[in-house]
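> Mind looking at a prediction? Sequence and model below.
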Amino acid sequence: MNFKNTTTHYNTLSISLHWLMLILIVTVYGSIELRELFEKGTETRDAFKMWHFMLGLSVLVLVSVRLVARVVGGAEPAIKPEPAKWQNTLAKYVHLALYVFKEINKTPTLKEINKTPTLNFALFEVRG
């Protein structure tokens, strides 16, 4: 697996993490929205809520991995032709806003987990 960016392409790890994050974020959103289709207190509704928490925690972990991959990957590939300066500036602020958004959204999840007696996450149990 390629861990370094080239002058024309991002590294394989960064590209893979990008698409995995997209799939996870869509699934996190879908799981919390789909739970509304079921009555409160049903096992199916609770399962969707549990999946929302677990996938959300996966996003949280992958954000950290993605930040490390960004540092390890080196300089970003150049865009040809070079965008206008205002576009580069806007892109940097939007990118920063996305990371801030991901970090802010972990707080409600962690608070909710503290209210939940036990969540099974893969091979681990998370106790509130």
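Noted; the coordinates are in hand.

> And residue 16, how far from residue 65?
For residue 16, the distance to residue 65 equals 10 Å [CB to CB, to the nearest Å]. Every residue, glycine included, has its C-beta placed from N, CA and C.

> got any ranges where the protein has weak pLDDT?
Residue ranges of the chain with pLDDT under 70: 106-128.

> mind checking the SS state of the most far-flung residue of it relative to its centre?
Going by CA atoms, centre = their mean, the residue of the chain most distant from its centre is residue 81, 29.9 Å out. Residue 81 carries the three-state label coil when classified by DSSP: H, G, I helix; E, B strand; the rest coil.

> quick one: it from residue 87, how far?
From residue 81 across to residue 87, the span is 11 Å (CB to CB).

> Also residue 62?
Taking CB to CB as the criterion, residue 62 is separated from residue 87 by 27 Å.
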